[in-house]
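turn this into a structure:
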Amino acid sequence: MPADLLNGIDHYERNRSRFIAEAVRHELKRRRRLELQRSLDTPHPDSLATAGLGLQSWAKSLPRADGDLLDPTAGVAVRWSADQGWQEPAA
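Numbers count the residues shown, from 1 in each chain. Reported below is the predicted structural model:
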C-alpha cells in the first residue's frame, strides 16, 4: 500500500486493519446500492414478464408448500414504464 495512504490512515486511526475493513465494508455497501439502482432502472426481461403476470398470479403459481412465502396484499402496486421506470398506477 502506498506510504501516503498509510500516513493518511495513521492520522485518523491507530488500528489500520479496522480502518481498512470499515472502508471496504462501506465501499461494498455503496456498490450493492449502485447495483440495485441499476437493476431497478433497467430490470431483467424475465422480471418484466413476471411483473406483467401480476403478483397474485405469480403467487398462485408457486408450489402449495411455498404458499406462505409472501402476502400479496402487502406492499404497493407498481407497474414498469420503459420511459419512467417503476411507477405506482394512477388511481
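
and stretch 42-49, how far out from the chain's middle?
With Cα atoms, centre = their mean, to the nearest Å as the basis, stretch 42-49 stands 14 Å off its chain's centre.

and what of stretch 57-69?
23 Å.

and the end-to-end length of it?
14 Å (Cα to Cα, to the nearest Å).

stretch 54-68 now?
Across stretch 54-68, the terminal residues are separated by 17 Å (Cα to Cα).

pLDDT averaged over it - what is it?
For stretch 54-68, mean pLDDT is 72.

likewise stretch 75-91?
Averaging pLDDT along stretch 75-91 gives 80.

and after the helix or strand containing Q56, which helix or strand comes next?
Q56 is part of helix 55-61, with elements assigned from DSSP states H and E. With elements assigned by DSSP H and E, the helix or strand that comes after helix 55-61 is strand 79-81.

ok now that following strand, how far from the chain's centre?
17 Å.

direction included, what does that strand pair up with?
According to DSSP bridges, strand 79-81 forms sheet pairs with strand 85-87 (antiparallel).
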